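**Student:** What shape does this take:
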Amino acid sequence: MKVKLSRSYKSRAGNTVFVYLVSGTPAQIEAYKAAQGDNYRAAEDGTSLWFTTRCIGNSGELIITAKGKVVPDMSAYEQAASLAKQFGGNFGQELARASVAALVSGNSNTGSSDEVPVNKGVGKL
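**Tutor:** Residues are numbered from 1 along each chain as shown. Purely as a prediction, here's the structure:
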């Protein structure tokens with residue numbers, strides 16, 4: 001499932017909450033609704049919403065774990081961190097800077113396909 005940042009707001013506790021619009025195939029949306037249970041929310045137009053206190057950039061992907069928990073797919077961030085650590089020094093720092101800029105702006109080339117597998121990540125977390 002893909003998500004796109006819609007807005008953010010401050011909660012009563014003072015935390016910033018990021019609100020993402022969720023899109024996917026009908027089967028993915030049904031799986032998302034089931035996984036969210038009583039926490040499921042939708043916009044006035046019926047678009048599914050995902051709320052988090054951890055920004056994942058302007059866009060990203062959600063996965064449903066084997067335990068039924070909805071989490072962001074952070075593999076691209078983990079790959080960027082690994083590359084930066086692997087090369088270290090100035091080159092590693094530049095790799096990290098470029099990777100983060102691409103991820104935050106939604107221009108990552110990982111997961112950029114319009115086709116999203118229904119069971120992506122299930123059983124891997």
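
**Student:** Can you give me the buried ones in stretch 79-87?
**Tutor:** By neighbour count with 16 or more other Cβ atoms under 10 Å, stretch 79-87 contains the buried residues 80, 84. C-betas here are computed from N, CA, C, even on glycine.

**Student:** That stretch: how far from the chain's middle?
**Tutor:** A distance of 20 Å separates the centroid of the chain from that of stretch 79-87, by Cα atoms, centre = their mean, to the nearest Å.

**Student:** ok, and what's touching that stretch?
**Tutor:** With contact meaning Cβ atoms under 8 Å, 6 or more residues apart in numbering, stretch 79-87 is reached by 92-93, 95-96, 99-100, 103, 110.

**Student:** For burial, what's the neighbour tally of Gly46?
**Tutor:** Number of residues near Gly46 (other Cβ atoms under 10 Å) recorded here: 7.

**Student:** My reading is that it lies in a helix. Confirm?
**Tutor:** No - under DSSP: H, G, I helix; E, B strand; the rest coil, Gly46 sits outside any helix and is assigned coil.

**Student:** still on that earlier bit, compare the contacts of stretch 79-87 and tell me which has the most neighbours.
**Tutor:** Leu103 (21 neighbours).

**Student:** how close does that one get to Glu94?
**Tutor:** 15 Å (Cβ to Cβ, to the nearest Å).

**Student:** thinking again about what came up before, which of the contacts of stretch 79-87 fall within helices?
**Tutor:** Counting by DSSP state H, the part of these found in helices is 92-93, 95-96, 99-100, 103.

**Student:** quick one, helices of the chain?
**Tutor:** Ranges of helices in the chain, per DSSP H, are 26-36, 75-87, 89-105.

**Student:** For Ala42, which of those helices is the nearest?
**Tutor:** Comparing those by their distance to Ala42 (Cβ to Cβ), the top pick is helix 26-36, with 8.8 Å.

**Student:** model confidence over that closest one, on average?
**Tutor:** Confidence for helix 26-36, expressed as mean pLDDT, is 97.

**Student:** Thank you, goodbye.
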